[in-house]
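Peer 1: Quick one: sequence plus predicted model below, questions after.
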Amino acid sequence: MTEATEPVELWRHPSPETTQMWFFKERVEKKYGVVLKDYRDLYNWSIENIADFWRETCLFTGVHAKKAGTSVDASFDQILDQDAPMFPRPDFFPGTELNFAQNLLYPRHPQSKEGVQDQDIAIIAATETSRSEVTWAELRKRVGECYNALQHQGVKPLDRVAGFVGNHTNAIVAMLAATALGAIWTAVSPDTGVGAVLDRLVQIEPVVLFADNASLYNGKVHETSAKIREIVASLPKLQALVVFEEVSAVKMQENLAGLKPPTGASYTYRESPKSENPIAQNKFTLFPPSHPAYILYSSGTTGKPKCIVHSAAGTLIQHKKEHILHCDIRPGDRLFYFTTTTWMMWHWLISALASGATLILYDGSPFVPHGPLTMPKLIDELHITQFGTSAKYLSVLEQKSCFPKTQTLTLSS
């Protein structure tokens, strides 16, 4: 029998007292009169004092919420019964209301009383051939336009809005507009086969479908009109198809009539009816914490994919905890996670807006145009401070003997 070996310590933070986790630990020690020597002590306190932990997390990370039916900021005095069983799921944060999109568009962070500035960069979108930036002011304006377009289309709270979209700024705009209205967002990336798309979307009966006209991958343009036609024909409750013209070389105008839903309309996003008014910070409709924000899906390995509903408050607070406490993300940090819109890590990435981070989006092959150094070079070029990816990608780099630190790259910290 092989004896267990001590794990090798790969890294230790040189100054843990400068981290958000440390500041949070000090807050808990001072407020509750406890001594927490290390992370293990903090962890044990959090699971032994569930209500207190989540109250302090909400307050420390700056969650936007109100006492139900008022304009008074929520104090999170009521979280849940400390002795409530976790199944069936208890009602968290009773008497509180919030809007998921508001928290992402108007971020709060313990290290930034002023929040982000209008001219700060909210999103940098990259493809194999291009880069584009969007400021916070522009993001709010574009979300307001899309919000108004969805309202004009008659979208209501709890309606499902779907995306057949890549990882680009318009996908985020559509998601934020939908969740601002109280609709539920779901997405599948355009590289997915029609059968797999319908296995998911037929179940949820979306009323609006956003779709890309094409995608660019591995140097090739992949048109989506044939896929869209099949998808739309199988969604009887679809009221509108809205096409993002992400690849300018592919003209959709002449094909739109053939893509029209059986009982709805089809148009390009630039032609959709909308006004330019952004949503003011105090004008968001508020919903209970359990109001759904996302529908994700199981893998489909044991039958058709099962729908998994994620609440607005649950998603927001868990992500803010992970981003601010565990990842030490701060306003102005540049976060990049290599993901598609189908994977749950896309949702994790987008929530970093709520911490004031700049999102880096990438839509394309991770090996074009610079082979295995494509992503490391992107990290270097865009001064990315946090990078996430899959184990599979790292194993491919290892197989190709790609070690960026030894190949004349000085990566961002």
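Peer 2: Received, thanks.
Peer 1: what pLDDT does the nearest residue to T192 once chain neighbours are set aside get?
Peer 2: Nearest residue to T192, sequence neighbours excluded (C-beta to C-beta, 6 or more residues apart in numbering): T342, at 6.6 Å. C-beta: built from backbone N, CA, C; applies to glycine. Per-residue pLDDT puts T342 at 96.
Peer 1: how close does T342 get to K66?
Peer 2: 33 Å (C-beta to C-beta, to the nearest Å).
Peer 1: With S290 instead?
Peer 2: Relative to K66, and taking C-beta to C-beta, S290 is found at 16 Å.
Peer 1: Which stretches in the stretch 201-350 of the chain count as helices?
Peer 2: 225-233, 312-320, 344-350 (DSSP state H, counting those that start in this stretch).
Peer 1: circling back: neighbour count winner among T342 and K66?
Peer 2: The residue with more neighbours, out of T342 and K66, is T342; 22 against 17, by other C-beta atoms under 10 Å.
Peer 1: Verify the stated contact: the more buried one with T186.
Peer 2: No: the criterion here is C-beta atoms under 8 Å, and T342 misses it with T186 at 9.6 Å.
Peer 1: Can you identify the element that follows the helix or strand where F60 lies toward the C-terminus?
Peer 2: F60 is part of helix 50-61 when elements are defined by DSSP states H and E. Following helix 50-61 in sequence order, the next helix or strand is strand 66-67 (DSSP H and E).
Peer 1: burial count for A312?
Peer 2: Neighbours around A312, by other C-beta under 10 Å: 24.
Peer 1: same thing with E56?
Peer 2: The number of residues near E56, taken as other C-beta under 10 Å, comes to 19.
Peer 1: just G300 next, same as before
Peer 2: When neighbours are defined as other C-beta under 10 Å, G300 has 12 of them.
Peer 1: wait, doesn't it sit right on L198?
Peer 2: No: the pair G300 / L198 is not scored as a contact, 11.8 Å apart, by C-beta under 8 Å.
Peer 1: which residues does V202 contact?
Peer 2: S234, L235 (C-beta atoms under 8 Å, 6 or more residues apart in numbering).
Peer 1: how close does it sit to P262?
Peer 2: 14 Å.
Peer 1: cool, and Y362?
Peer 2: For Y362, the distance to P262 - C-beta to C-beta - is 36 Å.
Peer 1: With E128 instead?
Peer 2: Where P262 is concerned, E128 sits at a distance of 36 Å (C-beta to C-beta).
Peer 1: Kindly report the same for V72.
Peer 2: With C-beta to C-beta as the criterion, V72 and P262 are 47 Å apart.
Peer 1: Restricting the selection to alpha carbons, write the helix or strand hosting I124 to CSV.
Peer 2: I124 belongs to strand 121-127 when assigned by DSSP H and E. Below are the C-alpha coordinates for strand 121-127, written out as CSV (Å, rounded to 0.1, in the frame of the first residue of the first chain):
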residue,chain,number,x,y,z
ILE,A,121,-13.7,50.4,-18.8
ALA,A,122,-16.3,47.8,-18.0
ILE,A,123,-15.7,45.3,-20.7
ILE,A,124,-12.9,44.4,-23.2
ALA,A,125,-14.2,42.0,-25.8
ALA,A,126,-11.6,40.1,-27.9
THR,A,127,-11.8,37.8,-30.8
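Peer 1: The next helix or strand after it - contacts with which helices or strands?
Peer 2: With elements assigned by DSSP H and E, the helix or strand that comes after strand 121-127 is strand 131-135. Where contact means 3 or more C-beta pairs under 8 Å, 6 or more residues apart in numbering; DSSP states H and E, strand 131-135 is packed against strand 121-127.
Peer 1: quick one: contacts of the strand it packs on?
Peer 2: 116, 131-136, 138-139, 168-169, 172, 216, 334, 353, 358-364, 378, 382.
Peer 1: One more: stretch 315-326?
Peer 2: Contacts of stretch 315-326 (C-beta under 8 Å, 6+ apart): 20-21, 24, 54, 57-58, 60-63, 98, 100, 103, 109-110, 293-294, 329, 347-348, 351-352, 354-355, 357.
Peer 1: Narrow those to those that are buried.
Peer 2: 20-21, 24, 54, 57-58, 60-63, 98, 100, 103, 109-110, 293-294, 329, 347-348, 351-352, 354-355, 357 (16 or more other C-beta atoms under 10 Å).
Peer 1: quick one: low-confidence ranges for the stretch 251-400 of the chain?
Peer 2: 253-254, 274-278, 280-281 (pLDDT under 70).
Peer 1: Now with 90, please.
Peer 2: Applying pLDDT under 90 to the stretch 251-400 of the chain flags residues 251-258, 262-263, 270-283, 299-303.
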